[in-house]
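Trainee: Build me a model from this:
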Amino acid sequence: MNLAININWSNIWNDIVNFFKANVWNIVIFFAILIVGVIVIKIIMFATRKILSKTKMEKIAQQFICTILKFVLWLVLILLLLSQIGIEITGILTACSAVILAVGMALQNAIANVANGIIIISSHMFKKGDYIMVGGVEGKITDINFMFTTLITNDNKKITMPNASIVNSEVTNLGAYPVRRVDLTFCVAYESDVELVKKVVTDVMKADGRVLLDPAPFCRLKVLNGSSIDFFANCWCDNGDYWDVYYDLMENIYNEFKRHNISIPYNQLEVRERKDKVKMPVINKKLVRVEKERPPEKETELEHIKDKLLGKGKKKDKAEQEEKDKKKAEKKQAKEEKANSKKAEKKAKKEKK
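Mentor: This is a model prediction of the structure:
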């Protein structure tokens, strides 16, 4: 089955010609806005990069500002072009606002990391190559971006930390300054010469060419411990030489201590035998119980009623008890009289004899 499609090209051409004739000025203005807008965006971006390059701002911050500015300028240009061809931009702006709000709520953690990345870069908290300690982690910074900061530890582990966690934690930047202080502590025996120990330690530090002589190396007695006396020493060196200087000084000072017969003691415990008698003072005072005076307890109504109901029984029991006690007393008295009479008889017999 053959379908014949008849297209009236002449009518289509006439419609196109009529459209351009009717909207010729709108089309001219549209392309003028497009060309001028592109030129203006390029001029603004060139000027912005030129100005930012003369500042001390980090390159990553400059790139971020340029990206945001470029996005905003192109968005404004597109909205102007849409408005020029007769499209209502109010609805577009409303839709864009809703989309931006939804995306912002879904990516709030990522946005927080970006914001904290801007804070890190703008505040110069640290830079690439610095050695930092943060959140129980320490290492050398290898990369900083607006989402994460990457560290390499001493044992060659790569740690990526969100910028939000870094800003909300205490950060110790060990590579912020070109020089750094080396702190050392030594324990020696009590019989050691204090001045000799100080001289040996300072001579070792001064003999190392990586140690700065200004400020001068320092060593003083710090603590009197139970088994040793502790000395504190410090000196300054370049930041990059810190660990090499630290370990070399420890080894050299130990060797010099052995050369000068300065001993490093073990933990010691002194035990003495006591031979004198211990005198324990005692106060000659016997323990006597003194009763506390307490107010008489108030009877409750129930106890009062109970006493009334059981009062007769108590009186009867009391009378029986008294009678029993009386009989016991009589028996006891009779036994005593009988015993006395026997004694009297025995005594009388003895007298007759």
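
Trainee: which residues does Val223 contact?
Mentor: Residues counted as contacts of Val223 (C-beta atoms under 8 Å, 6 or more residues apart in numbering) are Ile229, Asp230. For glycine as for every other residue, the C-beta is placed from the backbone atoms N, C-alpha and C.

Trainee: Checking it next. Helix, strand or coil?
Mentor: Under DSSP: H, G, I helix; E, B strand; the rest coil, the three-state class of Val223 is strand.

Trainee: how about the helices of the stretch 51-200 of the chain, start to end?
Mentor: All helices of the stretch 51-200 of the chain, identified by DSSP state H, counting those that start in this stretch, fall at 59-84, 89-106, 108-123, 163-167, 194-207.

Trainee: Hmm, Phe218 and Lys198 touching each other?
Mentor: No: look at Lys198 against Phe218 with C-beta atoms under 8 Å: they stay out of range, at 9.5 Å.

Trainee: hang on, the earlier thing: Gln321 is nearest to which of the helices of the stretch 51-200 of the chain?
Mentor: helix 163-167 (86.9 Å; C-beta to C-beta).

Trainee: Off-centre distance for the closest one?
Mentor: Computed by C-alpha atoms, centre = their mean, to the nearest Å, the chain-centroid distance of helix 163-167 equals 13 Å.

Trainee: In terms of secondary structure, what does that helix contact?
Mentor: helix 108-123, strand 148-152 (3 or more C-beta pairs under 8 Å, 6 or more residues apart in numbering; DSSP states H and E).

Trainee: Would you single out the least confident of those?
Mentor: Mean pLDDT is lowest for helix 108-123 out of the helices and strands packed on helix 163-167, coming in at a mean of 70.

Trainee: So Ala233, which state does it fall into?
Mentor: Three-state call for Ala233 (three-state DSSP): strand.

Trainee: Helix or strand for Val38, just tell me which one.
Mentor: Per DSSP states H and E, Val38 falls inside helix 24-53.

Trainee: And Val245, by the same measure?
Mentor: helix 242-259.

Trainee: between that helix and helix 194-207, what angle do the directions make?
Mentor: 140 degrees (axes from the mean of the first three to the mean of the last three C-alpha atoms, to 10 degrees).

Trainee: Centre of the chain to helix 242-259, how far?
Mentor: Per C-alpha atoms, centre = their mean, the centroid offset for helix 242-259 relative to its chain is 34 Å.

Trainee: list the helices and strands it packs on?
Mentor: strand 179-188, helix 194-207, strand 229-238.

Trainee: ok, and what's touching the last one?
Mentor: Looking back up the chat, that one is strand 229-238. Outside strand 229-238, the residues touching it (C-beta under 8 Å, 6+ apart) are 178-190, 192, 194, 197-198, 201-202, 205, 210-212, 215, 217-224, 245, 249.

Trainee: Low-confidence ranges, the stretch 151-300 of the chain, go.
Mentor: 268, 297-300 (pLDDT under 70).

Trainee: can you do 80?
Mentor: 175, 266-270, 278-292, 294-300 (pLDDT under 80).

Trainee: Just the pLDDT for Asp325.
Mentor: 79.

Trainee: Would you verify that it is located in a strand?
Mentor: No: Asp325: not assigned to a strand; according to three-state DSSP it is helix.

Trainee: tally of neighbours for it?
Mentor: The number of residues packed near Asp325 is 10, by other C-beta atoms under 10 Å.

Trainee: got it, and Asp238?
Mentor: By other C-beta under 10 Å, the burial measure for Asp238, its neighbour count, is 14.

Trainee: What separation is there between it and Arg274?
Mentor: 58 Å (C-beta to C-beta, to the nearest Å).

Trainee: ditto for Tyr177
Mentor: Counting by C-beta to C-beta, the gap from Tyr177 to Arg274 is 58 Å.

Trainee: ditto for Lys157
Mentor: For Lys157, the distance to Arg274 - C-beta to C-beta - is 58 Å.

Trainee: got the buried residues for stretch 341-353?
Mentor: The neighbour-count criterion (16 or more other C-beta atoms under 10 Å) identifies no buried residues in stretch 341-353.

Trainee: now do stretch 196-214
Mentor: Val197, Lys198, Val200, Val201, Thr202, Val204, Met205, Asp208, Val211.

Trainee: So what touches that stretch?
Mentor: So stretch 196-214 is contacted by 179, 182, 184, 186, 188, 217-221, 231, 233, 235-238, 241, 244-245, 248-249, 252-253, 256-257, 260, 262 (C-beta under 8 Å, 6+ apart).

Trainee: And these, which of them are buried?
Mentor: 182, 184, 186, 188, 217-219, 231, 233, 235-237, 241, 245, 249, 252-253, 256-257, 262.

Trainee: okay if I get the helices of the stretch 51-200 of the chain as a markdown table plus distance to Glu351?
Mentor: Output for the helices of the stretch 51-200 of the chain, formatted as a markdown table (distance: least, C-beta to C-beta, whole Å):
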| stretch | distance to Glu351 |
| --- | --- |
| helix 59-84 | 137 |
| helix 89-106 | 129 |
| helix 108-123 | 124 |
| helix 163-167 | 119 |
| helix 194-207 | 105 |
